[in-house]
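Novice: Any chance you can model this:
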Amino acid sequence: MKTSLLFSFFILFFLSTSFAQSKDNILGKWISEHGSGKIEIFKEGEEFAGKLIWLKEPLNEEGKPKTDVHNPTEDLRSRPVMDLEILKNFTYKGDGEYTDGTVYDPKSGKTYNCKMTLKSKDKLEIRGFMGISLIGKSETWTRVE
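Specialist: The predicted model follows:
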(Lines give C-alpha, C1' and ligand atoms only; values in the text may rest on other atoms or scores of the structure.)
Protein backbone atom coordinates (compact mmCIF):
# COMPACT_ATOMS: atom_id res chain seq x y z
CA MET A 1 0.00 0.00 0.00
CA LYS A 2 2.77 2.41 0.97
CA THR A 3 4.66 1.62 -2.25
CA SER A 4 1.63 2.17 -4.50
CA LEU A 5 0.86 5.48 -2.77
CA LEU A 6 4.46 6.60 -3.23
CA PHE A 7 4.38 5.48 -6.88
CA SER A 8 1.12 7.39 -7.47
CA PHE A 9 2.60 10.53 -5.94
CA PHE A 10 5.71 10.21 -8.12
CA ILE A 11 3.62 9.82 -11.31
CA LEU A 12 1.46 12.86 -10.44
CA PHE A 13 4.56 14.93 -9.63
CA PHE A 14 6.26 13.87 -12.87
CA LEU A 15 3.20 14.67 -15.00
CA SER A 16 2.65 18.09 -13.42
CA THR A 17 6.34 18.96 -13.75
CA SER A 18 6.51 17.93 -17.39
CA PHE A 19 3.34 19.90 -18.14
CA ALA A 20 4.65 23.10 -16.57
CA GLN A 21 7.93 22.92 -18.47
CA SER A 22 6.59 22.79 -22.05
CA LYS A 23 6.30 26.29 -23.48
CA ASP A 24 3.93 25.12 -26.25
CA ASN A 25 1.19 24.04 -23.79
CA ILE A 26 -0.47 27.42 -24.31
CA LEU A 27 -1.13 26.76 -28.00
CA GLY A 28 -4.74 26.18 -28.98
CA LYS A 29 -8.19 27.68 -28.72
CA TRP A 30 -9.52 29.46 -25.64
CA ILE A 31 -12.84 31.05 -24.71
CA SER A 32 -12.88 34.26 -22.71
CA GLU A 33 -14.18 34.31 -19.17
CA HIS A 34 -17.39 36.09 -20.18
CA GLY A 35 -17.91 33.79 -23.19
CA SER A 36 -18.08 36.55 -25.79
CA GLY A 37 -15.09 35.44 -27.85
CA LYS A 38 -12.76 32.59 -28.73
CA ILE A 39 -9.07 33.23 -29.20
CA GLU A 40 -6.56 31.01 -30.94
CA ILE A 41 -3.04 31.23 -29.51
CA PHE A 42 -0.23 30.40 -31.93
CA LYS A 43 3.51 30.85 -32.35
CA GLU A 44 5.20 33.54 -34.40
CA GLY A 45 8.84 32.48 -34.43
CA GLU A 46 9.76 32.11 -30.76
CA GLU A 47 6.99 34.43 -29.58
CA PHE A 48 3.32 33.74 -28.91
CA ALA A 49 0.30 35.65 -30.25
CA GLY A 50 -3.46 35.22 -30.41
CA LYS A 51 -6.34 36.21 -32.66
CA LEU A 52 -10.12 36.33 -32.32
CA ILE A 53 -11.59 33.38 -34.21
CA TRP A 54 -15.21 33.50 -33.00
CA LEU A 55 -17.54 36.13 -31.55
CA LYS A 56 -20.79 35.50 -29.71
CA GLU A 57 -22.15 38.64 -31.38
CA PRO A 58 -20.23 38.99 -34.68
CA LEU A 59 -22.61 41.55 -36.22
CA ASN A 60 -23.12 45.23 -35.38
CA GLU A 61 -26.49 47.00 -35.00
CA GLU A 62 -26.80 47.22 -38.79
CA GLY A 63 -26.34 43.47 -39.26
CA LYS A 64 -22.82 43.82 -40.70
CA PRO A 65 -19.64 42.19 -39.36
CA LYS A 66 -18.17 44.18 -36.47
CA THR A 67 -15.20 46.40 -37.25
CA ASP A 68 -12.54 47.92 -35.04
CA VAL A 69 -14.52 51.18 -34.59
CA HIS A 70 -12.82 52.19 -31.31
CA ASN A 71 -9.27 51.95 -32.64
CA PRO A 72 -7.33 55.16 -31.93
CA THR A 73 -5.84 54.96 -35.44
CA GLU A 74 -8.54 56.15 -37.81
CA ASP A 75 -7.24 54.11 -40.75
CA LEU A 76 -7.74 50.88 -38.75
CA ARG A 77 -11.36 51.45 -37.72
CA SER A 78 -12.76 49.68 -40.78
CA ARG A 79 -10.81 46.44 -40.26
CA PRO A 80 -12.87 43.43 -39.16
CA VAL A 81 -12.76 42.40 -35.52
CA MET A 82 -12.97 38.75 -36.57
CA ASP A 83 -9.43 37.36 -37.02
CA LEU A 84 -7.97 40.42 -35.31
CA GLU A 85 -4.66 39.70 -33.57
CA ILE A 86 -5.31 40.84 -30.00
CA LEU A 87 -2.36 39.13 -28.23
CA LYS A 88 1.17 39.99 -29.39
CA ASN A 89 4.85 39.45 -28.57
CA PHE A 90 4.68 37.06 -25.61
CA THR A 91 7.81 35.23 -24.52
CA TYR A 92 7.91 32.13 -22.36
CA LYS A 93 9.63 32.70 -19.02
CA GLY A 94 9.14 29.22 -17.52
CA ASP A 95 6.67 27.68 -15.07
CA GLY A 96 3.73 28.39 -17.39
CA GLU A 97 4.35 32.16 -17.47
CA TYR A 98 4.32 34.24 -20.66
CA THR A 99 5.36 37.89 -20.37
CA ASP A 100 6.38 41.04 -22.24
CA GLY A 101 3.31 40.94 -24.47
CA THR A 102 0.32 43.14 -25.10
CA VAL A 103 -3.43 42.62 -25.27
CA TYR A 104 -5.68 44.77 -27.43
CA ASP A 105 -9.28 45.34 -26.34
CA PRO A 106 -11.42 46.04 -29.41
CA LYS A 107 -14.32 47.11 -27.16
CA SER A 108 -12.32 50.12 -25.96
CA GLY A 109 -9.59 50.46 -28.59
CA LYS A 110 -6.93 50.29 -25.88
CA THR A 111 -3.77 48.22 -25.77
CA TYR A 112 -2.42 47.04 -22.42
CA ASN A 113 0.75 45.37 -21.22
CA CYS A 114 -0.09 41.77 -20.52
CA LYS A 115 1.14 38.58 -18.95
CA MET A 116 -0.42 35.15 -19.20
CA THR A 117 -0.10 32.29 -16.75
CA LEU A 118 -1.11 28.74 -17.59
CA LYS A 119 -2.78 27.59 -14.36
CA SER A 120 -3.55 24.10 -15.69
CA LYS A 121 -3.77 22.52 -19.13
CA ASP A 122 -7.28 24.00 -19.54
CA LYS A 123 -7.10 27.29 -17.55
CA LEU A 124 -5.20 30.40 -18.64
CA GLU A 125 -5.03 33.56 -16.55
CA ILE A 126 -4.73 36.76 -18.59
CA ARG A 127 -3.63 39.92 -16.78
CA GLY A 128 -3.81 43.25 -18.59
CA PHE A 129 -2.21 46.27 -16.94
CA MET A 130 -0.71 49.69 -17.41
CA GLY A 131 2.75 50.20 -15.90
CA ILE A 132 3.10 47.50 -13.25
CA SER A 133 1.06 44.31 -13.15
CA LEU A 134 -0.23 45.06 -9.63
CA ILE A 135 -2.58 47.63 -11.15
CA GLY A 136 -4.67 45.82 -13.72
CA LYS A 137 -7.41 43.34 -14.44
CA SER A 138 -7.31 39.57 -14.70
CA GLU A 139 -9.63 37.02 -16.21
CA THR A 140 -9.43 33.29 -16.71
CA TRP A 141 -9.87 31.73 -20.12
CA THR A 142 -10.85 28.09 -20.64
CA ARG A 143 -9.48 25.81 -23.34
CA VAL A 144 -12.00 24.69 -25.98
CA GLU A 145 -11.96 21.95 -28.65
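
Novice: Bridging across strands, which residues link to the closest residue to Lys137 other than its chain neighbours?
Specialist: Leaving out its chain neighbours, the residue that sits closest to Lys137 by C-beta to C-beta, 6 or more residues apart in numbering is Gly128, at 5.6 Å. All C-beta spots, glycine's among them, are computed from the backbone N, C-alpha and C. Taking DSSP bridges as the rule, Gly128 bridges to Cys114, Lys137.

Novice: Give me the pLDDT for Gly128.
Specialist: pLDDT for Gly128: 96.

Novice: Next, count neighbours for it.
Specialist: Gly128 has 21 neighbouring residues, counting by other C-beta atoms under 10 Å.

Novice: next one: the one 5 residues further on
Specialist: Using other C-beta under 10 Å, Ser133 has 14 other residues around it.

Novice: and if you look at the one 10 residues further on?
Specialist: Summarising burial for Arg143: neighbours were counted as other C-beta under 10 Å, giving 17.

Novice: Could you pull up the residues touching it?
Specialist: Contacts for Arg143 (C-beta atoms under 8 Å, 6 or more residues apart in numbering) come out as Gly28, Lys29, Trp30, Lys121, Asp122, Lys123, Leu124.

Novice: Just give me the residue right at the centre of this structure.
Specialist: Ile126 (5.9 Å; C-alpha atoms, centre = their mean).

Novice: can you give me the strands in the protein?
Specialist: Here the chain has its strands, by DSSP state E, at 28-31, 37-44, 47-55, 85-94, 97-105, 110-120, 123-129, 136-144.
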